Structures are given as C-alpha cells and as structure tokens.
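Engineer: Curious how this folds, go ahead:
(one chain, ligands or ions: 1)
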Amino acid sequence: MKAAQRLVLLGGGHAQLAVLQALARQRPAQVEVVLVTPAPRQVYSGMLPGWLAGHYTEAQCVIALAPLAAAAGVTLRLAAAVGLDAAARTVRLDDGGVLGYDVLSVNTGPVQDAGRFGGGVPTLRPIEDWLARTTRRLAEASPRRVVVVGGGAAGFELALAWRHRLGAAAEVVLVAGASGLLANYPAAVRRLGAQALADRGVRCIEGAAREIAADAVVTADGRIWPADEVVLATGTVAPRWLQGSGLALAPDGGLATLPTLQSVSHPAVFAAGDVASRLDRPLPKSGVYAVRAGATLAANVLGRLAGRAPVPWDAPVRTLNLLSLGERRAIAAWGPLAVQGRWVWRWKDRIDRGFMARHRVGADPAAT
Ligand SMILES: Cc1cc2nc3c(=O)[nH]c(=O)nc-3n(C[C@H](O)[C@H](O)[C@H](O)COP(=O)(O)OP(=O)(O)OC[C@H]3O[C@@H](n4cnc5c(N)ncnc54)[C@H](O)[C@@H]3O)c2cc1C
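Structural biologist: Numbering: from 1, shown residues only. Model (predicted):
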C-alpha cells in the first residue's frame, strides 16, 4: 500500500533519538519515514573527553543509528542536507537527491565556522572528522604540545583530557578567548574550572587567538604558542543551508521555533537541539537541552501525523551540567552552585552510560 504521508527525520541528533524510539513503540499507519544522516551513527559528545582521556573506547561513545531505524521501520538515507525549500516541502541532499516531506523533524546540530581563521584550521566539528583525525594522530605519535582554542565546556574538557592522556611531560595550552574561561557558567564553576586547569598544569590564556595554523597559535597579545596538535573548539553556528530555505530564522541564524518546537513560519517543520532557536525563550545550545527536548519533539511530530494539536515544551529553567576534568573527577554545576570530586565523575559516568544503554538495540558487548 502506498504511504499517504512522508516524515523526514533530518539528522540523528540527541532529540531525534527519542523520535526513533517513539516510532519503534508506535508506528503510524501509512506513513513512510526516512532518516537522513551523513553517518550511520551518532557520536555522544558527553563521553568524547572521556574517550580522549582513555576512559572509554570509541564504541562506547557512539550510538548505532541503523538498528534504531530498523526497529522503527525507518529507511536510512546516508546523506547530508545541503538545501531546503520550505514552500515546496523538499530537502536537497549532497548525493544529488531531492526528498519531499509532509512533516519534517530537524535535529542536525550546529556547524563550526572557523571564520577569519580560514578553511584549513583543524576544527572539532564535524565531530566524526575530529574523531578520525585524532585517532590517526594518537596511532602515529602522541603530541607533545597541544593548543586548544575555545574556553567553553568543550574546549575546557578537551584540554584536560589531553593533559590526562599525555601526562605531565606534554605542554597543554587552552586559549579561552576574550570573554574568558567558561564564560557562560556561574562564578563558582569558573573558579573551580580555573583551579582545575592550574592544578593540572594546563596553561589558560584569557585572551583571543589572532592566528591559527596547524603548528602554532598566535594570541591577541602577540605571543606565539608552537604546537604539534591544534584544535579550534569554538564558533559553532547554525548551518548555512537554512539560509534561503524560506523558513523563519532567529537572529542567531537558527531555525526559529515556537514552544511546541514547530517552525514559527511552517507548522509542518519541527526542530530541536543546537540547530533550533526558540523565539519566546532563547535556551542554551547544549547537549543537555537537546536530550531534554526529545520527548516533546517525538510527541508533536507523531501528533502532527495523526492530526493532534501540539503541546508546548516546558523546558527546564536550569539543568545539571557535568564537566569532566581529565582523570576520573568532574565538576557538577546546578544554578549558581558547583561542587567537584571523584563521586561527581562516577555520577556523570552512570548518567552517560545509562543514556547510551537506552539507545542500544540488541546486544553489543564492545559498546558496554
Ligand atoms: C567535546 C565536546 C564536549 C561537550 N560537552 C558538553 C557538555 O558537557 N554539556 C553539554 O550540554 N553540551 C556539551 N557539548 C555540546 C553538545 O555536544 C551539543 O550541544 C550537542 O551535540 C547538540 O546536540 P544536537 O542533537 O543538537 O546535535 P548533534 O549532537 O551535533 O547531532 C546532530 C546530528 O545530525 C547530523 N547532521 C549534521 N549535519 C547534517 C546534515 N546537513 N544533514 C543531515 N544530518 C546532519 C550529525 O551527523 C549528527 O548525527 C559538547 C560538545 C563537544 C564537541
């Protein structure tokens, strides 16, 4: 029987996993569902610093999308969106295909813009590329001088992971940017973060990078930081293919959404995670919020197919943020409060492993 409607899931990000799971539980009749993703797996960024530090294998940090799609009766299309025409309800793919949709659920995450540093700068995103590059790097010879550019959670955790991985003999520098280390976090977290870097001999430069090359970073004060490993961990922005799509965009370029996670301009389009920007209440771009949006995204996408009215997402005012410190210690941040210790790492480890276990279909001993 020919499907009456087509649902396209664009990107298998943290929120989309909940849509796949909902489809596996309750598959709407006469709906064809296609998951478009450039890779057959989703890398769970929460465990990446732990992978670099040596606490997890790669298999433990990735969610296989093919079994989830198969369990949900979803067709997997290995491609990336490069354009969207909201009026025609089509997505243009990098394999040359054009996919029509009746309902669209977007969770592609952000892209990284090296901006004035130019195209050749080694970036953290796409994460798959960084993972492959770093795996090769570690197989060749461990770097002796690492410079991480970006003082947000990702840069902070990666600098400390490198320190743990390489030991005290290596030099690790974190160029935290003009706004300083962990600028989006409360003072207590920033204090603990700065102390953690100092205790572990990671040099933190509270200034901007002026030039970045594969073998050195020049900071705004003119100092040159030679390196045999550089990564740019800042500058995530909304994907460019949203521009010209006809979808309403937020001032930050993200897909502008209502509290129901629907596009403010096109109600058949839903979006969650870092690609989306809620207009009524801008939320932090973070993995935690992407995960938490999943249940509402699933309910509203499936509801749309069934003709039900969407429900608003009651996004939490504050979330628990856990930052790993290289070795098996972590900082926990809740509102203005922050604590750190080994027990925090064990807590984070339990949460992360639990998240991965919930998205594993079938037994995979390598991934546990
Ligand atoms: C090292 C590191 C540490 C971090 N630590 C934290 C932390 O401690 N806490 C926190 O909250 N956040 C953290 N973050 C940020 C967090 O990773 C992001 O906020 C989160 O990944 C956003 O989730 P998402 O589902 O929106 O997108 P993503 O996780 O990026 O998932 C998007 C998916 O869409 C796919 N995709 C991409 N482009 C396309 C396309 N054009 N077409 C189709 N599919 C596409 C991708 O392959 C991917 O599978 C960290 C990030 C990194 C890199």
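Engineer: In this structure Leu322 contacts Ala338, no?
Structural biologist: No - using CB atoms under 8 Å, Leu322 is not in contact with Ala338, being 10.7 Å away. Backbone N, C-alpha and C define where each C-beta goes, glycine included.
Engineer: residues shared between the contacts of those two?
Structural biologist: Jointly contacting Leu322 and Ala338 under the rule CB atoms under 8 Å, 6 or more residues apart in numbering are 331-332.
Engineer: Report pLDDT for Ala141.
Structural biologist: Ala141 is assigned a predicted lDDT (pLDDT) of 88.
Engineer: How many residues are close by it?
Structural biologist: Counted with other CB atoms under 10 Å, the burial measure for Ala141 works out to 8 neighbours.
Engineer: Can you list phi and psi of it for me?
Structural biologist: The main-chain torsion angles of Ala141 are listed as degrees, to the nearest 10 and equal phi -160, psi 140.
Engineer: What's the separation between it and the ligand?
Structural biologist: Taking CB to the nearest ligand atom, to the nearest Å as the criterion, Ala141 is separated from the ligand by 22 Å.
Engineer: check contacts around that residue.
Structural biologist: Taking CB under 8 Å, 6+ apart as the criterion, Ala141 is in contact with no other residue.
Engineer: packing partners for the helix or strand that contains Leu322?
Structural biologist: Under the criterion of DSSP states H and E, Leu322 resides in strand 321-325. When contacts are defined as 3 or more CB pairs under 8 Å, 6 or more residues apart in numbering; DSSP states H and E, strand 321-325 packs onto helix 48-53, helix 153-166, helix 187-199, strand 327-334, helix 342-358.
Engineer: can these go into a markdown table with extra columns for mean pLDDT and mean neighbour count?
Structural biologist: Output for those, formatted as a markdown table (pLDDT from 0 to 100; neighbours: other CB atoms under 10 Å):
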| stretch | mean pLDDT | mean neighbour count |
| --- | --- | --- |
| helix 48-53 | 98 | 24 |
| helix 153-166 | 97 | 25 |
| helix 187-199 | 98 | 17 |
| strand 327-334 | 97 | 21 |
| helix 342-358 | 97 | 15 |
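Engineer: Reformat those as JSON lines; add distance to Val106.
Structural biologist: Below are the helices and strands packed on strand 321-325 laid out as JSON lines (distance: least, CB to CB, whole Å):
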{"stretch": "helix 48-53", "distance to Val106": "23"}
{"stretch": "helix 153-166", "distance to Val106": "22"}
{"stretch": "helix 187-199", "distance to Val106": "31"}
{"stretch": "strand 327-334", "distance to Val106": "29"}
{"stretch": "helix 342-358", "distance to Val106": "21"}
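Engineer: Mind putting those into CSV with distance to the ligand?
Structural biologist: What follows is the helices and strands packed on strand 321-325, written out as CSV (distance: least, CB to the nearest ligand atom, whole Å):
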stretch, distance to the ligand
helix 48-53, 4
helix 153-166, 4
helix 187-199, 11
strand 327-334, 9
helix 342-358, 9
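Engineer: Nearest to Ala299, out of these?
Structural biologist: Ranking the helices and strands packed on strand 321-325 by distance to Ala299, with CB to CB as the measure, places helix 342-358 first at 17.3 Å.
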